[in-house]
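[1] give me the fold of what follows.
(2 chains)
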Amino acid sequence: MRVVVTGMGALSSAGRDVCELDHALRESRSGIAPFGLNEDGYPPHGIAGRVATRAPAGVPRGQAMLDQVFDEAISQAGLEGRLAGARLYLGTIHGHLDDWSAARAGQPPDTPDNIVALPWSFTAQMGKHGLRPSDSTLISTACTASAVAVGLALDALRAGSASVAVVAGVEVMSLFLYDGFVALRALGKECRPFDARHDGLVLGEGAAALILETESHARRRGAHALAEIVGYGFGLDSSSLTAPDPSGAGAAAAMREALADARLAEPPRYVNAHGTGTKHNDNMECAALRRVFGANVGELAVSSTKPLMGHLCGAAGVTEVICSILALRGGYMPATLGLDTPEGRWDDIDFVRGGPREARFDNVLSLNSGFGGTNSAVVVQRA
Amino acid sequence: MNTTLIAMRPVVRVDLALADLEIAYRDQVGWTDAYRINADARLVLLGIQGLLRDGPLEDEALRDAAFVLGCENPSMASYREFDTGMRAGRRTALAYSHALPSIPLASAALCHQLRGHTYTLVGGPEVGLRVLALGRHMLASRRARHVVAGCWCVHAESAPTRHSGRARIQLALLQPVAAASSHRYCP
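    Numbering: from 1, shown residues only, chains lettered A, B, ... in the order given. Next up is the predicted model:
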């Protein structure tokens, strides 16, 4: 059973909606900026990709971000008020951690958990979009979370469990998140994936949503298919809780499964890489690409869109699938901003740099990896 | 709708006082890395040890199985530890790297060298139903031949020692009816 995308919504520092994100990709324009002064706890010289969303009183900021991208995606799909029976697959790492941490700030350190709101209380808020808690699956597999959400929705629709699925990801910037990556010494001065001077990642925040439908359901109601999701794969490193397997075996397993699932007529020409800008990730990902494509790896064009918005963590997967769809439909391959001189050891890989590359291609492989050794791959195809 | 018939066999049920979890973990698992992680990880590892001991799958089949585990409030001890340290000006890398919902299952993947899909679901009381639904989809879509599905909860009742409270995990094995009947148990 074919599964198509009929709606998209995106919010990140690269754009307040999908149209703005498309412009940012075409213009290689980044939304990453310094925190500046008067930011409680954040270093003024530190950088991140943040959004201006302010939540109404009593609404978690992450929920406000989700509401915005849900509205955009549902509107584009023409499904306002017609989501009864739809499934929700939502990926996030820390959920409403910002609210949880803020609530704890006013309490003694030994305050029992049930005194403050817990970070993963999402589903009750979904009723306003017509989605039931009993139809909502909240996935937390580190930075692959929302890419996994795409894959699980794909399988559910193929299995006939529903005709429509809303797939989303969200991650909110918080001092907890920022300080966590400071503690891990994972932050870089700039985001420069695959560059010889890459020194770490830059965090971002945002949300993204996709409406997936069975092709027959979309056709019956006259909906326009933006793209088709044709493959998904998952692979485990099982080598370390905090560092990727340098051999790339887990990411390669995810790619192989996704490509086998997709049954493409020809290999993908463009790869939207996880590309965080940490040495560990970039090395692992290039090793994985070589494992899968061997001597043909040079025929792939590879780029990372994280320098435009920062690493959106649990929201990265869906956001980057949307970037892949925009590239596919727009006939361009986004450039990796900040990539001036690729590391010499990867000279067989064709990184898109210096500006977007005009090209017509029919499918994209979108990759993500996360803490704990999770790796995911999603194959998107022209509808 | 795909009509694959699924057999579900409850295999593991652990319900311990938190203090007893530590004793059981030491006696039955003892993988030292988990002492630095959190009680959630030790509980999940203890549950999987029980699965190996009492379940129908051999080691190799278990490594290829998919794992879908759900929890309402995962890794809260690590969240509290990092949050409290941060306010005191201490940023502890280990505490942060363990303050993720997926770390307990990732610990099990590392300890047992798992190769299948491993998914951590979070949410309210409905999470158990979502775990079962996802397990069924994984079998129907042939992503796995066996799915270990379950939920865990580490609930610390008293502060600041947090040694009183309960640790609970339940695991079930899901597999297509045809595969289930070929094992030594018959549903």
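
[2] from here on, just use CA atoms for contacts and neighbour counts.
    Fine.

[3] show me what the worst-scoring helix or strand of chain A on mean pLDDT is packed against.
    Least confident helix or strand, chain A: helix A:97-105 with a mean of 88, by mean pLDDT, DSSP states H and E. The helices and strands touching helix A:97-105, judged by 3 or more CA pairs under 8 Å, 6 or more residues apart in numbering or on different chains; DSSP states H and E, are helix A:175-183.

[4] relative to the whole chain's centre, how far out is the helix it packs on?
    Remark: helix A:175-183 is offset 20 Å from the chain centroid, using CA atoms, centre = their mean, to the nearest Å.

[5] circling back to that earlier point, following the chain past the least confident helix or strand of chain A, name the next helix or strand.
    Using DSSP states H and E, the helix or strand that follows helix A:97-105 in sequence is strand A:136-139.

[6] residues in contact with the residue nearest the centre of chain B?
    Nearest residue to the geometric centre of chain B (CA atoms, centre = their mean): B:Val44, 3.9 Å. B:Val44 makes contact with B:104-105, B:108, B:152, B:169 under the criterion CA atoms under 8 Å, 6 or more residues apart in numbering or on different chains.

[7] per-residue confidence at it?
    Looking at B:Val44, its pLDDT reads 98.

[8] how about it, secondary structure?
    helix (DSSP: H, G, I helix; E, B strand; the rest coil).

[9] what's the spacing between it and A:Met65?
    For B:Val44, the distance to A:Met65 (CA to CA, to the nearest Å) stands at 33 Å.

[10] equivalent analysis for A:Pro119, please.
    Distance from A:Pro119 to A:Met65, by CA to CA: 15 Å.

[11] and for B:Val29?
    43 Å.

[12] tell me which of the two has more neighbours.
    Neighbours per residue (other CA atoms under 10 Å in any protein chain shown) separate B:Val29 from A:Met65, with A:Met65 holding more: 26 against 17.

[13] for the stretch 251-383 of chain A, just list every one of the helices.
    A:279-293, A:306-309, A:316-330 (DSSP state H, counting those that start in this stretch).

[14] and the ones you listed as CSV, adding distance to A:Leu21 and mean pLDDT?
    Converted to CSV, those look like this (distance: least, CA to CA, whole Å; pLDDT from 0 to 100):
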stretch, distance to A:Leu21, mean pLDDT
helix A:279-293, 24, 97
helix A:306-309, 9, 98
helix A:316-330, 8, 98
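
[15] and those, which is most packed in?
    Comparing those by mean neighbour count (mean count of other CA atoms under 10 Å in any protein chain shown), helix A:306-309 comes out on top with a mean of 29.

[16] distance from that one to the middle of the chain?
    11 Å.

[17] residue 90: what's it in contact with?
    Answering for chain A, as no chain was given. A:136-139, A:145-146, A:149, A:167-170.

[18] may I ask which helix or strand encompasses it?
    strand A:87-91.

[19] got the angle for that strand vs helix A:316-330?
    110 degrees (axes from the mean of the first three to the mean of the last three CA atoms, to 10 degrees).

[20] export only the CA atoms of strand A:87-91, formatted as CSV.
    Extracted in CSV, the C-alpha atoms of strand A:87-91 (Å, rounded to 0.1, in the frame of the first residue of the first chain):
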residue,chain,number,x,y,z
ARG,A,87,-3.3,8.2,14.4
LEU,A,88,-0.7,10.5,15.9
TYR,A,89,3.0,9.6,16.0
LEU,A,90,5.0,12.2,17.9
GLY,A,91,8.7,12.1,18.5
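
[21] so the residue lying closest to B:Cys151 once chain neighbours are set aside is in which element?
    Counting by CA to CA, 6 or more residues apart in numbering or on different chains, B:Cys151 lies nearest to B:Gly70, which is 4.6 Å off, once chain neighbours are set aside. If you go by DSSP H and E, B:Gly70 is part of strand B:66-71.

[22] so what touches that strand?
    For strand B:66-71, using CA under 8 Å, 6+ apart, the contacting residues are B:105, B:116-123, B:127-128, B:131, B:134-135, B:138, B:143-153.

[23] same question for stretch A:16-29.
    For stretch A:16-29, contacts defined as CA under 8 Å, 6+ apart pick out A:8-11, A:14-15, A:30, A:51, A:69, A:72, A:305, A:308, A:323, A:326, A:332, A:334-335, A:337, A:355-356.

[24] to which secondary structure element is B:Gln170 assigned?
    B:Gln170 belongs to strand B:165-176, assigned by DSSP H and E.

[25] check whether that strand contacts chain A.
    No. With CA under 8 Å from any CA of the partner chain as the criterion, chain A is not reached by strand B:165-176; the gap is at least 11.4 Å.

[26] how far does that strand sit from its chain's centre?
    Mean-position distance between strand B:165-176 and its chain equals 7 Å (CA atoms, centre = their mean).

[27] equivalent analysis for stretch B:69-77, please.
    So, by CA atoms, centre = their mean, the centroid of stretch B:69-77 is 9 Å from its chain's centroid.

[28] do stretch B:80-88 as well
    So, by CA atoms, centre = their mean, the centroid of stretch B:80-88 is 25 Å from its chain's centroid.

[29] on that earlier part again, who's the residue nearest to B:Cys151 bridged to?
    B:Gly70 has the following beta-bridge partners by DSSP bridges: B:Leu121, B:Cys151.
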